[in-house]
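In: sequence plus the predicted model coming up.
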Amino acid sequence: MRIGVDVGGTTVKIGIVDDHKIIDYYSIKTNKDTLFDDIYNSINEYVNKNNISIDGIGFGLPGSVSNNYIKALPNVGLYDIDLNKIHNKYFSNIKLYSTNDANCAALGEHINNPKYHSSYLLTLGTGVGGGYVYNDKLVLGATNNCGEVGHMFIGSDFNFKCTCGLTNCLETIASATGITRLYKLYSKNDIAISAKEVFDKARLNDSIAIKVIDIVSKALAHALANIAVTCDVDIFYLAGGVSMAGDILLNNVRKYYKEFAHYGVVNTPIEISSLKEKAGMLGCAYLW
Ligand SMILES: [Zn+2]
């Protein structure tokens, strides 16, 4: 069996995976000070209690990681961690793999839909991430940055500064943060509002919310049209909290994609991830 560990800012989801399916899973709290020991202790306990043998552990991490060395997990507040060292303390005889969480979600959703052999998944959460699967293999790229489409340049009138230092990145618009910011901008009011509330308002015909969703949908459709002519995938998936908005977002993105995409790729399907928050666990378990 395989273990897939999807580390999030508030919870860690741990999946027990076999034959391309999650057969069991549980979650633990993300506790910054004891995070990886908590994870390994819980896996140890699970393995012993259920008397299973495991082949390897894969991690999906909300940050940058290379060769199991974690450079930064900004949402958790952890930096410079050698995961190999911690892993060997607990399971020196089994495999360890890790990559960022969006890559894991992309691979998980891909595995769950085996009729497609290439796919691109965008995670729309606090930020925007992505992952590219080609010929059933995750593409990491020369510097492990393939899929970082949250930082794709989207020309806009806003010139929003991104957390990465650039301006007009996709995630300044098409993330939960971006949606909230746009709503505040157009309502000229510094009210506390979540992305979900903006979608709820749009369903009630709030004109500002509808405008915001139009802007977000256009930005996403532009990004997908750009990705389509570089990767020409079988299918696009939208995942993450913002994708839970469902049809109100999806129908608009599809509409604008038809307008913006080159005729050769105009029919690429766009779907909401069916595995939703479980995709990451499945993908983590197939990093090897
Ligand atoms: Zn950026």
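Out: That came in fine, so what should we check first?

In: so how far is the ion from the residue of the chain most remote from its centre?
Out: The outermost residue of the chain, judged against the average C-alpha position, is Asn51 (31.9 Å), by Cα atoms, centre = their mean. For Asn51, the distance to the ion equals 46 Å [Cβ to the ion, to the nearest Å]. Yep, even glycine has a C-beta here, placed from its N, CA and C like the rest.

In: hang on, Ile57 in a strand?
Out: Yes: residue state for Ile57 (DSSP: H, G, I helix; E, B strand; the rest coil) corresponds to a strand.

In: report the beta-bridge partners for it.
Out: With DSSP bridges as the criterion, Ile57 is bridged to Ile3, Leu96.

In: ranges for the strands of the stretch 51-200 of the chain?
Out: For the stretch 51-200 of the chain, applying DSSP state E, counting those that start in this stretch gives strands covering 56-61, 64-66, 69-73, 78-82, 95-100, 119-124, 128-134, 137-138.

In: which one of those strands has the most crowded surroundings?
Out: Most buried of those, by mean neighbour count (mean count of other Cβ atoms under 10 Å): strand 119-124, with a mean of 29.

In: for that strand, which helices and strands make contact with it?
Out: Under the contact criterion of 3 or more Cβ pairs under 8 Å, 6 or more residues apart in numbering; DSSP states H and E, strand 119-124 touches helix 101-112, strand 128-134, helix 207-231, strand 235-239.

In: ok, 6 Å please
Out: Where contact means 3 or more Cβ pairs under 6 Å, 6 or more residues apart in numbering; DSSP states H and E, strand 119-124 is packed against helix 101-112, strand 128-134, strand 235-239.

In: can you list those in JSON lines and add mean pLDDT?
Out: Compiled in JSON lines, those are given as follows (pLDDT from 0 to 100):
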{"stretch": "helix 101-112", "mean pLDDT": "98"}
{"stretch": "strand 128-134", "mean pLDDT": "97"}
{"stretch": "strand 235-239", "mean pLDDT": "98"}
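
In: pairing partners for the helix-or-strand element of the chain with minimal mean pLDDT, with directions?
Out: None of the helices or strands of the chain scores lower by mean pLDDT, DSSP states H and E than strand 64-66, at a mean of 91. Pairing partners of strand 64-66, with direction, according to DSSP bridges: strand 69-73 (antiparallel).

In: just the residues contacting the strand it pairs with, thanks.
Out: 62-64, 79, 81-83 (Cβ atoms under 6 Å, 6 or more residues apart in numbering).

In: now the angle from it to strand 95-100?
Out: Put simply, strand 69-73 runs at 30 degrees to strand 95-100, going by axes from the mean of the first three to the mean of the last three Cα atoms, to 10 degrees.

In: nearest residue to Leu61 other than its sequence neighbours?
Out: Leaving aside its chain neighbours, Leu61 sits nearest to Val7 (5.2 Å; criterion: Cβ to Cβ, 6 or more residues apart in numbering).

In: if I pick Ile248, what's in contact with it?
Out: Ile248 neighbours (Cβ under 6 Å, 6+ apart): 199, 202.

In: surely it is within a strand?
Out: No: with three-state DSSP as the criterion, Ile248 is located in helix rather than a strand.

In: hmm, back to that, mean pLDDT for the strands of the stretch 51-200 of the chain: which is lowest?
Out: Ranked on mean pLDDT, the bottom entry among these is strand 64-66, at a mean of 91.
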